[in-house]
Every structure is written in C-alpha cells, then in structure tokens.
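*Asks:* Below are the sequence and a predicted model for it; my questions follow.
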Amino acid sequence: MLRIWGRTSSINVQKVMWAVAELGLAHERIDAGGAFGRLDGPDYAALNPNRLIPVLEDGPTVIWESNSIVRYLAARYGAGALWPEDAGRRALADRWMDWQITMLQPAIAPVFIGLIRTPPERRDMAAIVAGAERLGQAMQILDGHLRNRPFVAGDTLTMGDIPVGCVCWRYANLDIARPELPAVAAYRQRLEERAGYRTQVMLPLV
Ligand SMILES: N[C@@H](CCC(=O)N[C@@H](CS)C(=O)NCC(=O)O)C(=O)O
C-alpha cells in the first residue's frame, strides 16, 4: 500500500492525493508538517533530507518533490491515462508541470501567504496587489493555451493538469483582482466534475 506523508492543506500534498484518487490506488496518508510537526526527527530526514512534505513511500521506493511523485504515480500506475504514451503529448504535460513549479508557484506563493497565512495587521497590501498583478499575467498564459484544448495536453486529463489544476482552485478563491480568464474558468469547471479534484483539492484555503 502507498504511504503519503503530509497535511491536506498543502498544495503539494493535494497534487499527490488527487493523482492517487484519479488512479484509484490503495493508500494511507499520515498528517505531517505545519501544526502536525513530525518533520524534525532523523526518521523523517531519512525519507526527505529537505524536511518538507509530501513524501511518497511505495514499498522500498521513496520519492520527494510533489511533481516528481505525480510523474512516478502516472508512469507506474497510469500508463495511457495520466501518463501519455506519446512522447510529444507527454512533453506537453511535462512542460506545464515544470511551468507550474518554476513560474506559477513562485507567482502565487507570496499572494497566498500574504492573504491566507498572514494576520491582517501584518499584511503588506501593496506587495500583495503587485503580486496578484504578476500572478494574473501568468494565468493569462495558461488561459491562452487552454483556449484550443480542454486539458493542458489535449483531449483528456493527464499528469500535466494536476499541478496547474491545484493552483487554479487557490487562484479562484483568493480575494484579489483577476483578469478575464474564460478558458481557465471553463477548465476549472471541467476539473470540478472529477471526484478526486472535489475531495482532495477543493478545500478551504488555510
Ligand atoms: N518543491 C517541493 C516543495 C515542498 C514544500 O515546500 N512543502 C511545504 C508544504 S507545501 C512544507 O513542507 N512546509 C513545511 C511544513 O508544512 O511544515 C515540492 O513540490 O514537493
């Protein structure tokens, strides 16, 4: 059985849990990180020397970095579905996973932390507004891509949708100004039809 370490309020844990749900895999999840702690001891450091969540254990295979975990699950358990067999389509899925971790996550993180994890009296609203503007510009890139296709790598959901799909939920639920993003709005509706997205990603922002 798979074992996943991490609290459900972490976007990076949500990616893994959504992938597990899409694939229908037997698993246990252990609360760790944030108020749950558990990251400081030597046993956890042996799993992930960064002392971060999520970590996946699949028998003797231990993986950290959320997008790498999603890729592993897709490759091992989702060939032809989450894991596109065609190399070109797989590269598209990969590209949007890399874009999420290198471009989109750095754009949303300061806005999310500022609004959700910082008490109102300590918020730097000017930085949050400027960050939301940059985030909106990044989301417009995703919107442009989704105008011609229902999912990031084409007609069906793949691993490429999991990281950006998780950000879409957070983005829609932050109290910020947003540009018109009709393709992203339609994309989110498609994702919301999926049980795994509803149960693992559509959670209150905390
Ligand atoms: N690039 C890593 C980032 C992991 C990360 O920053 N995890 C955060 C939660 S989202 C964490 O472990 N924070 C410490 C904590 O929750 O106590 C990944 O994608 O897995």
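*Replies:* Ah, there it is. Residues are numbered from 1 along each chain as shown.
*Asks:* pLDDT at the residue in the chain that the ligand sits nearest to, what is it?
*Replies:* Residue nearest to the ligand within the chain (Cβ to the nearest ligand atom): Gly33, separated by 2.8 Å. Heads up, the C-betas are built off the backbone N, CA and C, glycines and all. Per-residue pLDDT puts Gly33 at 98.
*Asks:* I figured it hits Gly6, correct?
*Replies:* Yes: at 5.7 Å, Gly33 counts as touching Gly6 under the criterion of Cβ atoms under 8 Å.
*Asks:* So for the two, which residue has more residues nearby?
*Replies:* Gly6 (26 against 20; other Cβ atoms under 10 Å).
*Asks:* Excluding chain neighbours, give the residue nearest to the residue of the chain closest to the ligand in space.
*Replies:* Of all residues not flanking Gly33 in the chain, Ile53 sits nearest, at 4.2 Å (Cβ to Cβ, 6 or more residues apart in numbering).
*Asks:* same question, Arg123
*Replies:* Nearest to Arg123 is Gly114, by Cβ to Cβ, 6+ apart, at 5.6 Å.
*Asks:* give the contact list for that neighbour.
*Replies:* Arg123, Asp124, Ala127, Ile128, Gly131 (Cβ atoms under 8 Å, 6 or more residues apart in numbering).
*Asks:* which residues do Gly33 and Gly6 both contact?
*Replies:* Val13, Ile53.
*Asks:* Looks like Arg149 contacts Asp155 (just checking).
*Replies:* Yes: counting by Cβ under 8 Å, Arg149 does reach Asp155; the two are 7.1 Å apart.
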